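1. Predicted model and sequence below, questions to follow.
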Amino acid sequence: MTATLVASRVGQTKIRRIELTQRTNFVVLDLVRQDLTIHRVDHTEFLTEGGARYRQSGHIEIPFIERRGEPLALELDEFVECVSSRRPPRVTGVQGRRALEVALAVRRSAAATYR
């Protein structure tokens, strides 16, 4: 897996994207526009040297994202709604803790790699 992190205070364009490259998919999550695009490869063909022919076909999926908005505001709205209606949150405390553990593990791994 390859990850690239680019941060710039100088750039005039606000870019917040996550891109994942997998064997048969390329996934782009645009956090500014709040949309997701999945490029799927259905068929790949490659011929040897000399008569090299490369053919690839696939399709693009753009799933509908129901809840868009500023993430922190959505989180606070969810909290208020759970308290006022006495319903459980969409994400449990256990799930939240696990997400935090994964984020901290990524941070530790990145720090160890670039020392």
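-> Now that the structure is in, tell me what you want to look at.

2. Tell me which residues of the top helix by length along the chain come out buried.
-> If you go by DSSP state H, the chain has its longest helix at helix 93-113. Residues of helix 93-113 classed as buried: none (neighbour count, 16 or more other C-beta atoms under 10 Å). Any C-beta I mention is one placed from the backbone N, CA and C, and that applies to glycine too.

3. What segments of the protein are strands?
-> Assigned by DSSP state E, the strands in the chain fall at 17-21, 25-30, 35-46, 54-61.

4. from those, which stretch is densest packed?
-> strand 25-30 (a mean of 15; mean count of other C-beta atoms under 10 Å).

5. roughly how far out does it sit from the chain middle?
-> Computed by C-alpha atoms, centre = their mean, to the nearest Å, the chain-centroid distance of strand 25-30 equals 7 Å.

6. ok so, going back, what's the longest helix of the chain in contact with?
-> Defining contact as C-beta atoms under 8 Å, 6 or more residues apart in numbering, one finds that helix 93-113 is touched by Val91.

7. I'd like to know how far the closest residue to Pro89 other than its chain neighbours sits from Thr44.
-> The shortest distance from Pro89 to any non-neighbouring residue, by C-beta to C-beta, 6 or more residues apart in numbering, is to Cys82 (5.0 Å). Distance, Cys82 to Thr44, by C-beta to C-beta, to the nearest Å: 46 Å.

8. now the strands of the chain in JSON lines, with distance to Ala110?
-> Compiled in JSON lines, the strands of the chain are given as follows (distance: least, C-beta to C-beta, whole Å):
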{"stretch": "strand 17-21", "distance to Ala110": "15"}
{"stretch": "strand 25-30", "distance to Ala110": "19"}
{"stretch": "strand 35-46", "distance to Ala110": "24"}
{"stretch": "strand 54-61", "distance to Ala110": "30"}
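
9. wait, which of those strands is closest to Arg87?
-> Nearest of the strands of the chain to Arg87, taken as C-beta to C-beta: strand 35-46 at 26.7 Å.

10. Nothing else from me, thank you.
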